[in-house]
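**Q** sequence and predicted structure are below.
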Amino acid sequence: DNVDARAAASMGLDSESEQLVELSNGCMCCSLREDLLAQIKDLAMSNKYDAMIIEGSGAAEPLPIAEGISAYDVGRGKVLDDVVALDTLVTVVDAPNFARDFFTREQVVEHKSLRMESTDGKMGGSHVAELMTEQIEFANVIVVNKASNVSAESLAETKDIIAGLNPSARIIATDFSKVCPSDVLCTGLFDWDSAEEQPGWAQLLTGTWVSKASTLNIQHRMYSRDRPFHGGRLARLLLGTHSSGATPTTAVVDAAGALMGLGLIRSKGVFWLAGQSDRAGEWQHAGSLFRFSDGGAWLCSSPGYKPPVGDAGGAEAWRGDRRQEIVLIGPNLQADKVVGLLDECLLTLEEMAARTIAETSADPGSWWATVPEVASFPAWEGSEAAADSAEHNAAVLQAEAFDALMEAQEAKDKPGATEAATQAQARADAAN
């Protein structure tokens with residue numbers, strides 16, 4: 001049942017003069033995207049309207065819609081962006097629940113108010129913190145709603161976190177989403193070239209970014225080192241566990257709380273793991289969620305790689321472009337302490353020297369094989385080990401879903417039985 005459709009009908013729309021097109025049973029970012037873009041084209045080319053407002057659900061991802069507007073073919077060699085201009089992207093944040101949702105470890109399918117909106121199942125494997133981060137980082141205007149329902153301190157903290165994630169966005173605190181139309185309409189704030197870079201990150205990585213949130217105590221630090229991380233020590237710091245290579249790559253343990261206590265709410269970059277020195281790692285972190293993926297081979301691993309001028313034949317030429325380059329960001333960030341904790345995870349000089357034992361090895365991944373626990377880190381997403389782990393986890397989740405469904409059938413009147421079965425099945429579908 002489409003609640004919005006019923007609400008529109010109750011407004012008394014004249015069906016003879018206006019057409020009501022209902023888009024339901026799908027996600028506007030996925031299965032309904034083509035339908036939505038076609039309707040945008042028709043409305044724009046009718047020349048009847050000055051502006052169009054598209055409201056997504058809480059589980060909507062802004063990037064696919066923006067990308068679709070820039071590339072959707074409207075015929076005669078034109079794309080939708082030639083007919084309609086994407087003007088402003090607005091994200092509404094619920095002030096009373098922001099901290100709880102941003103620092104949760106839940107997946108979208110486990111979140112009560114989001115799983116019903118993620119109807120296509122394609123958001124199933126995503127975490128709430130990741131979805132919120134994308135919605136905030138990609139926005140031009142962020143409306144913090146129900147502001148009077150929280151304390152001044154809590155509101156300031158929410159604004160700090162938002163400004164840290166997206167320093168260029170306009171932040172408006174309000175109640176009942178009451179905003180001045182000129183704050184969200186015809187602002188001219190959206191720029192595709194800037195959006196592709198994701199706010200702030202390109203400048204942070206090049207050291208050219210100037211904080212627009214300095215008055216909000218937003219701190220940032222570039223962590224750059226030329227030594228690899230010890231897998232076991234890094235896993236214990238970030239994941240709170242001593243992990244084997246086949247464990248899931250998304251951490252769902254309490255260790256992230258220690259770093260959040262130091263003000264770290266977001267970090268992103270590339271990292272060098274001693275046990276996988278042939279591959280670059282991609283580091284993504286938001287709230288309490290850390291995610292690591294395979295970033296491909298380091299440039300220096302390519303057969304035709306040539307070291308920069310001045311490095312050829314040098315004592316450290318073997319290192320090539322391997323490095324740690326991670327942006328750390330957060331309100332009142334205690335950067336020195338966070339950096340100190342990360343430094344403790346690097347190989348020591350004594351451990352670095354162990355490489356000489358395996359110096360003749362053609363496999364950089366075995367350079368430090370003699371160092372205990374050096375490879376004890378979760379398998380990266382995109383790697384063969386992660387694929388094997390995902391297949392195993394999917395089978396386990398399917399079995400759990402089956403058991404939960406059987407229990408629900410045997411105890412139909414038991415409170416929560418059917419709900420538990422539905423959640424279990426959603427997790428199993430997401431794993432597949």
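**A** Received it, and whenever you're ready, just let me know what you need.
**Q** wait, P364 touches G275, no?
**A** No. Taking C-beta atoms under 8 Å as the definition, P364 is not a contact partner of G275, at 10.1 Å. (Each C-beta comes from the backbone N, C-alpha and C, glycine too.)
**Q** how about M52, secondary structure?
**A** Under DSSP: H, G, I helix; E, B strand; the rest coil, M52 falls in the coil class.
**Q** for the stretch 201-350 of the chain, what spans make up the helices?
**A** Ranges of helices in the stretch 201-350 of the chain, per DSSP state H, counting those that start in this stretch, are 201-206, 231-239, 256-260, 335-343, 349-353.
**Q** now render the ones you listed as JSON lines, adding mean neighbour count.
**A** Listed next are these as JSON lines, based on neighbours: other C-beta atoms under 10 Å:
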{"stretch": "helix 201-206", "mean neighbour count": "15"}
{"stretch": "helix 231-239", "mean neighbour count": "22"}
{"stretch": "helix 256-260", "mean neighbour count": "17"}
{"stretch": "helix 335-343", "mean neighbour count": "16"}
{"stretch": "helix 349-353", "mean neighbour count": "12"}
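**Q** confidence-wise, which of those helices is weakest overall?
**A** Mean pLDDT per stretch puts helix 201-206 lowest among the helices of the stretch 201-350 of the chain, at a mean of 46.
**Q** low-scoring stretches of the stretch 51-200 of the chain, by residue?
**A** Along the stretch 51-200 of the chain, the model assigns pLDDT under 70 to residues 57-59, 105, 107-126, 195-200.
**Q** helix or strand: which one has V92?
**A** Using DSSP states H and E, V92 maps to strand 90-94.
**Q** any idea which of the helices of the stretch 201-350 of the chain gets closest to E153?
**A** Nearest to E153, of all those, is helix 256-260, at 17.0 Å by C-beta to C-beta.
**Q** surely G365 and S277 touch.
**A** Yes. The criterion here is C-beta under 8 Å, and G365 meets it with S277 at 5.8 Å.
**Q** more crowded one of those two?
**A** Higher neighbour count among G365 and S277: S277, with 23 against 16, using other C-beta atoms under 10 Å.
**Q** may I have the residues that are in contact with the more buried one?
**A** Neighbouring residues of S277 by C-beta atoms under 8 Å, 6 or more residues apart in numbering: P228, W298, R322, P364, G365, W367, W368.
**Q** excluding its backbone neighbours, what's nearest the third one?
**A** When you say that, I think you mean R322. Nearest residue to R322, sequence neighbours excluded (C-beta to C-beta, 6 or more residues apart in numbering): W272, at 4.7 Å.
**Q** what of the fifth one?
**A** Residue nearest to G365 in three dimensions, not counting chain neighbours: D278, with 5.0 Å by C-beta to C-beta, 6+ apart.
**Q** also the fourth one?
**A** The shortest distance from P364 to any residue other than its chain neighbours is 3.8 Å, reached at S277 (C-beta to C-beta, 6+ apart).
**Q** what ranges does the stretch 1-150 of the chain have for its strands?
**A** Secondary structure of the stretch 1-150 of the chain (DSSP state E, counting those that start in this stretch): strands at 73-75, 78-79, 90-94, 141-145.
**Q** can I get the ones you listed in a markdown table including distance to L239 and mean neighbour count?
**A** Converted to a markdown table, these look like this (distance: least, C-beta to C-beta, whole Å; neighbours: other C-beta atoms under 10 Å):
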| stretch | distance to L239 | mean neighbour count |
| --- | --- | --- |
| strand 73-75 | 45 | 12 |
| strand 78-79 | 44 | 14 |
| strand 90-94 | 28 | 21 |
| strand 141-145 | 30 | 21 |
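**Q** any idea how far A297 lies from V374?
**A** 20 Å (C-beta to C-beta, to the nearest Å).
**Q** L185 and V90 touch, don't they?
**A** No. Using C-beta under 8 Å, L185 makes no contact with V90, being 9.5 Å away.
**Q** hey, what's in contact with both of these two?
**A** Counting by C-beta under 8 Å, 6+ apart, nothing touches both L185 and V90.
**Q** for L86, give me its contacts.
**A** Listed by C-beta under 8 Å, 6+ apart, the contact set of L86 reads A66, I69, S70, F190, W192.
**Q** give me that answer again for 7 Å
**A** Residues counted as contacts of L86 (C-beta atoms under 7 Å, 6 or more residues apart in numbering) are A66, I69, F190.
**Q** same thing with V270?
**A** Applying C-beta under 7 Å, 6+ apart, the residues near V270 are A280, G281, E282, W283, G295, E325.
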